[in-house]
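**Q** Provided below for reference: sequence and predicted model.
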Amino acid sequence: MASVLRMYNVALQRKPMFTQCCTAAFLFGAGDIIAQQGVEGKGKNHDFARTARLTFYGGCLFGPIMTKWYQWLNTIKFSSPTRAVVYRVFLDQAVLTPAAVGFFFGSMSILEGKPKEAIPRIQAAYVPTIIRNWGVFVPTQIINFAIIPHHLRFVVVSVVSLFWNTYLSVANARQMKASQQLESPGSKSVAEFEAEAMKKSA
C-alpha cells in the first residue's frame, strides 16, 4: 500500500493534470455507484449511462478546471500563512464554488441530452446544494490550505468529494425525475418535487 501511495505521489508531481483528471474521473464514477447502489438501492437496475456521464464529467470537465484552479491559487503570494489560508478558502468557496455548482447541474442536463432542463434544474437545486457544499468544504479547505502540501490538495478535496459526489449524483437524479414529472399535466413544480424527495429521504 505504501509503495502504491509513493507511486501516486510521484505521478502527481510529474504529470499533475493527467493524474488528477484520472483521480476525479474515478471518484465521480465511484460516487455515482455508491449513490445508485448504497443510497437508491438500484441493484441490477443500475444506470450505467448515468455512471458514465459522471465519470466523464469528473475526468474531462471537473478535473482539468480544478487542477488549473489549484495551480493558480498556489501561485498567489500572501504576507503570512494565516492570510494565505483565509484568502484561499475565501476565493475557493466564494468565487469558484458558486460557479461550479451551476456548472455541474447545467453540464449534467446537456450530457443527458436535455439542455432545456438546465436552468430549471439549477434554479431548483442551486441554493440547497451550495449551502451543503459550504458545510462540507469550508472546514475541509481550511485544513487543506493550512497543512497539506500544495501538490496533494486536489487529492484531499477528491477524497472528501467521494462522499460529496454521492450527494451530487442523488441530487441530480432527483432533479431529472422532477423534470420528467413536469412533463405531465398538473404536475408539481420542480421545487415542490425536490422538497418532497428530501422529506422522504430524511
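**A** Thanks, I have it. If you're wondering where the values come from, they're calculated on a predicted model, not measured in any experiment.
**Q** looking at it, Phe163 is touching Gly31, isn't it?
**A** Yes: between Phe163 and Gly31 a contact is recorded at 7.4 Å, counting by Cβ atoms under 8 Å. C-beta here means a position set from N, CA and C on the backbone, and glycine is covered the same way.
**Q** more neighbours, those two?
**A** Just comparing Phe163 and Gly31: by other Cβ atoms under 10 Å the higher neighbour count belongs to Gly31, 24 against 12.
**Q** for that one, helix, strand, or coil?
**A** helix (DSSP: H, G, I helix; E, B strand; the rest coil).
**Q** the residue most central in space within the chain: what secondary structure?
**A** Against the mean C-alpha coordinate of the chain, by Cα atoms, centre = their mean, the closest residue is Asn165 at 5.0 Å. The local conformation at Asn165, judged by three-state DSSP, is helix.
**Q** which one is Thr55 nearest to, not counting chain neighbours?
**A** The shortest distance from Thr55 to any non-neighbouring residue, by Cβ to Cβ, 6 or more residues apart in numbering, is to Gly29 (3.7 Å).
**Q** and Gln141, how many neighbours?
**A** Gln141 has 24 nearby residues by other Cβ under 10 Å.
**Q** same question for Tyr87.
**A** 14.
**Q** what comes into contact with the helix or strand that contains it?
**A** Here Tyr87, judged by DSSP states H and E, is contained in helix 81-90. The contact list for helix 81-90, computed with Cβ atoms under 8 Å, 6 or more residues apart in numbering, reads Leu73, Ile76, Phe78, Val138, Gln141, Ile142, Phe145, Ala146.
**Q** and with 7 Å instead?
**A** Leu73, Phe78, Val138, Gln141, Ile142, Phe145, Ala146 (Cβ atoms under 7 Å, 6 or more residues apart in numbering).
**Q** which residue comes closest to Ile148 once chain neighbours are left out?
**A** Val156 (5.4 Å).
**Q** and that neighbour, how far is that from Lys15?
**A** 19 Å (Cβ to Cβ, to the nearest Å).
**Q** with neighbour numbers in mind, choose between those two.
**A** Between Val156 and Lys15, counted using other Cβ under 10 Å, the more crowded position is Val156 (17 against 12).
**Q** hmm, the more buried one is touching Asn144, no?
**A** Yes: using Cβ atoms under 7 Å, Val156 is in contact with Asn144, at 4.9 Å.
**Q** many thanks, we can stop here.
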